[in-house]
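Q: Have a look at this prediction, sequence included:
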Amino acid sequence: MATTLFRNARILTSTRTLERGWLLANGRAIASFGEGDAPDFEGASIIDSAGSVLLPGFIDVHVHGAVDHDSMDATPYAVRAMARFYARHGVTSFLVTTWTDTDTRIQRALDNAVACVGPQEEGATVLGVHLEGPYINAEKRGAQREQDVRWADPVEALRYLDTGIIRLLSLAPEFEANHWLITECVKRGITVSVAHTASTYAHMQKAVSLGLTHSTHTYNAMMPLTHRDPGTVGAVMTMPQIRCELIADNIHVHPVAMNVLYRAKGVEGVILITDAVRVAGLPDGEYTLDDRPVVVKDGAVRLPDGTLAGSTLTMERGLKNFIAATGESLDRLWPTSSLNAARAAHVADRKGSIEAGKDADLVLLNADLEVQLTMAQGRIIYRSGV
Ligand SMILES: [Zn+2]
């Protein structure tokens, strides 16, 4: 069983910051931690982390692809390649995220995720699936495929749920035809999110009463907040039941709007996501995404008509942007990149914070918030410069 000792790190534990701390990972779990000089643990490999900060590994609950692979490829090879790329960016676990497509292709992606779930070699762990669409509103589809948008058909949707792999499901709750699915997901412990939607405040009141608790890439592809009509945005900002995903890439959302969301929701109400697609990790240029041409320029991914088609964001950059947008410290904001996502995915009993007994899912960042080391369940899955 591998044993690793981190020493001389600032450590952001669930209850307080250890200014010069040590942490022992034994097997897959966090064994113990403390302040000051580390005790002598025989046989432990030592990582000296002077000047660095150790925090819970990032959890990305909304991510489609990277390095020329995505979830809809539906191959173990694609998932492994994605998992390795995310590990380099501090991610220790993620939800394989599907998008609006034909039944056959969605089913294939789900079956592949069932086959892949769990730890990946030198990569982040697959927790399960985020089913984004196809039960959305075509008018707010963004880059989702219009011809495959539909209402939730019980035969099809129950077959998806019966795979047991879905942890988060994004739909448009303004359609009564989708209401049964909210209820069914809640019964099965699957988090339901509002997404690609024209929902009004009243629609959202109904959806929350049915058990919806999550907002997919808040601000994007939903009704905006205005002073006479609070829209979807006004609803998710003010309803305490809802946690709000945010793409903090300074492209999908203006930094001031990020700060507004933070002021409304507080630190427990925001979940940083990347919504990264298969061009993440590739240089600027012209690519094909889901059979359609896209242009990647300065990190923005767009269809020919200018519509944003996912991102090339990575979690450590999102966190850095969010810190800059809010003026808050990492010590305060760390739950937005781990714990809140763990709660949404129902894995907070073992992931998302630094506590003895929880999984040793950790990321070590330098002063510029660059990833130096990523550890998932006690295994080092990425290391650079320490
Ligand atoms: Zn997405």
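A: Good, I have the coordinates.

Q: in stretch 112-122, what's buried?
A: Going by neighbour count (16 or more other C-beta atoms under 10 Å), the buried part of stretch 112-122 is 112-113, 116-117, 119-120, 122. For the C-beta atoms, the positions are set from N, CA and C on the backbone; glycine is no exception.

Q: What about the residues you listed, which are in strands?
A: Using DSSP state E, 119-120 are the members of the buried residues of stretch 112-122 that sit in strands.

Q: so of the buried residues of stretch 112-122, which ones are in helices?
A: Of these, the ones assigned to helices by DSSP state H are 112-113, 116.

Q: Tell me, how many residues neighbour the closest residue to residue 265 other than its chain neighbours?
A: In this structure, residue 265 finds its nearest non-sequential neighbour in residue 244, 5.5 Å apart by C-beta to C-beta, 6 or more residues apart in numbering. Using other C-beta atoms under 10 Å, residue 244 has 25 neighbouring residues.

Q: Do I have it right that residue 244 meets residue 217?
A: No: taking C-beta atoms under 8 Å as the definition, residue 244 is not a contact partner of residue 217, at 9.1 Å.

Q: Where does the stretch 51-200 of the chain get nearest to the ion, residue-wise?
A: In the stretch 51-200 of the chain, the residue that lies nearest the ion is residue 132 (4.9 Å; C-beta to the ion).

Q: can you check the stretch 201-350 of the chain too?
A: residue 275 (4.4 Å).

Q: Close to the ion: what parts of this protein are there?
A: 132, 275 (C-beta under 5 Å from the ion).

Q: quick one: low-confidence parts of the chain?
A: Scanning the chain for pLDDT under 70 picks out the ranges 1.

Q: domain ranges for this protein?
A: 3-55+353-383, 58-344 (automatic domain parsing).

Q: which residues in the stretch 251-386 of the chain form strands?
A: 270-273, 285-289, 292-297, 300-302, 308-311, 362-365, 371-376, 379-383 (DSSP state E, counting those that start in this stretch).

Q: Burial-wise, tell me which of those strands comes out on top.
A: By mean neighbour count, with neighbours taken as mean count of other C-beta atoms under 10 Å, strand 270-273 ranks first of the strands of the stretch 251-386 of the chain at a mean of 28.

Q: Is there a neighbour count for residue 69? I'd like the number.
A: Counted with other C-beta under 10 Å, the neighbours of residue 69 add up to 21.

Q: And the residue nearest the centre of this structure?
A: residue 60 (2.2 Å; C-alpha atoms, centre = their mean).

Q: what residues are up against that one?
A: 86, 91, 94-95, 124, 273-274, 276, 315, 341 (C-beta atoms under 8 Å, 6 or more residues apart in numbering).

Q: Which members of these are classed as buried?
A: Burial by neighbour count, 16+ other C-beta under 10 Å: within the contacts of residue 60 this picks out 86, 91, 94-95, 124, 273-274, 276, 315, 341.

Q: Return the member of the residues you listed nearest to residue 199.
A: Nearest to residue 199, judged by C-beta to C-beta, of those is residue 273 at 19.5 Å.

Q: now, of the domains of the chain, which is deepest in the fold?
A: Comparing the domains of the chain by mean count of other C-beta under 10 Å gives domain 58-344 as most buried, with a mean of 21.

Q: would you list the ones in helices among the buried residues of stretch 112-122 in a markdown table and tack on distance to residue 199?
A: Shown next, in a markdown table, are those (distance: C-beta to C-beta, whole Å):
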| residue | distance to residue 199 |
| --- | --- |
| 112 | 31 |
| 113 | 28 |
| 116 | 33 |
